[in-house]
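Asker: predicted structure and sequence below. I'll ask about it afterward.
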Amino acid sequence: MAQSEGELQLSATILDYCAEHAESFLAPEKLSTAKGDALVESSPIGVLFGVEPWNHPYCQIVRFAAPNLMAGNVVMVKHASNVRQCALAFERLLEEAGASAGAFTNVFISKDQVAQVNDDDRIRAVALTGSDGAGAVVAQRAGKNLKKSTMALLSSAQALETLLGQVDEAVAHGARIVMGDQRIEGQAGAFMQPTILTDIEAANPTYKQEFFGPVALQEVDPGELNGSGGQSPGWHPRVMPGQGASP
């Protein structure tokens, strides 16, 4: 129960954050260059399709829907089949809060139908948080259709600090940084560089942790032996496909 209450509080915090900062995040930005002045404007791109997992059934939806609705997009969500009541409850909550009809829509479809939705020209971008296998399938389809597909967001400064702490802990216990491992400075929001960690052995405390952000891990699997009798490394990307780093 305590974890459920914590999830609801986090969900509310994300919604409040997006509502509070929407105007400043979406404000036109003036740029001065050697060729003259320019203006960068933020505009919605259309209908976005999200495939979300069962764990944290409210927070997973909120962190996808909140920033994208804030930006004026329309959101469709295929939630996990075992938390459909949570999906319906969130849709009702948005309606009660005054969201426009059709701004958020649940779709209860099969895995095969997910591919059909991905193929639809009206879907402008796809987001997924889930297993490596599901991410590979959805990302491959999105790439085939030349659609945007992004990684799971860091929904708050606290989430960013947690992720950076996990990377530091992994390195402290023998992991090696190939690239990344730094926050992205100079812009509002919680952004982190794409990061690759290798040589993560089973004794490393982060071996069984989930990294919710743009971090790919090469773990050493003690159950697999290579020709020399040593441990065989295997790639286990924990980059959870989703919406990308977000305010």
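Answerer: Good, I have the coordinates.
Asker: isn't residue 181 right next to residue 175, touching?
Answerer: No - the criterion here is Cβ atoms under 8 Å, and residue 181 misses it with residue 175 at 10.2 Å. The C-beta positions use only the backbone N, C-alpha and C, and glycine is treated the same way.
Asker: those two: which has the busier surroundings?
Answerer: residue 175 (23 against 19; other Cβ atoms under 10 Å).
Asker: strands of this protein, residue ranges please.
Answerer: 29-33, 36-40, 47-51, 74-78, 104-106, 123-128, 148-151, 176-179, 195-200, 215-225, 231-237, 241-242 (DSSP state E).
Asker: tell me which of those sits most buried.
Answerer: Burial of these is given as mean neighbour count (mean count of other Cβ atoms under 10 Å); strand 241-242 ranks first at a mean of 26.
Asker: quick one: mean pLDDT for that one?
Answerer: Per-residue pLDDT values over strand 241-242 give a mean of 34.
Asker: scan the chain for its longest helix.
Answerer: helix 2-26 (DSSP state H).
Asker: tell me the buried residues in that one?
Answerer: Across helix 2-26, burial judged by 16 or more other Cβ atoms under 10 Å covers 7, 10-11, 14-15, 17-18, 22, 25.
Asker: before we move on, what about stretch 199-212?
Answerer: 199-200, 204, 206-207, 211-212.
Asker: now the terminal residues of that stretch, how far apart.
Answerer: Taking Cα to Cα, to the nearest Å as the measure, stretch 199-212 stretches 19 Å from start to finish.
Asker: cool, and stretch 117-129?
Answerer: Using Cα to Cα, one end of stretch 117-129 lies 16 Å from the other.
Asker: chain center to that stretch, what's the gap?
Answerer: Computed by Cα atoms, centre = their mean, to the nearest Å, the separation of stretch 117-129 from the middle of its chain amounts to 15 Å.
Asker: likewise for stretch 24-44?
Answerer: 26 Å.
Asker: show me what it is in contact with.
Answerer: 70-74, 188-189, 247 (Cβ atoms under 8 Å, 6 or more residues apart in numbering).
Asker: so for that stretch, mean pLDDT?
Answerer: 91.
Asker: ok, now stretch 187-204?
Answerer: Stretch 187-204 comes out at a mean pLDDT of 87.
Asker: where's residue 9 relative to residue 62, distance?
Answerer: 11 Å (Cβ to Cβ, to the nearest Å).
Asker: do the same with residue 7
Answerer: 9 Å.
Asker: of the buried residues of stretch 199-212, closest to residue 45?
Answerer: Lowest distance from residue 45 to the buried residues of stretch 199-212 (Cβ to Cβ) belongs to residue 212, with 24.2 Å.
Asker: and the pLDDT at that closest one?
Answerer: In this model, residue 212 carries a pLDDT of 78.
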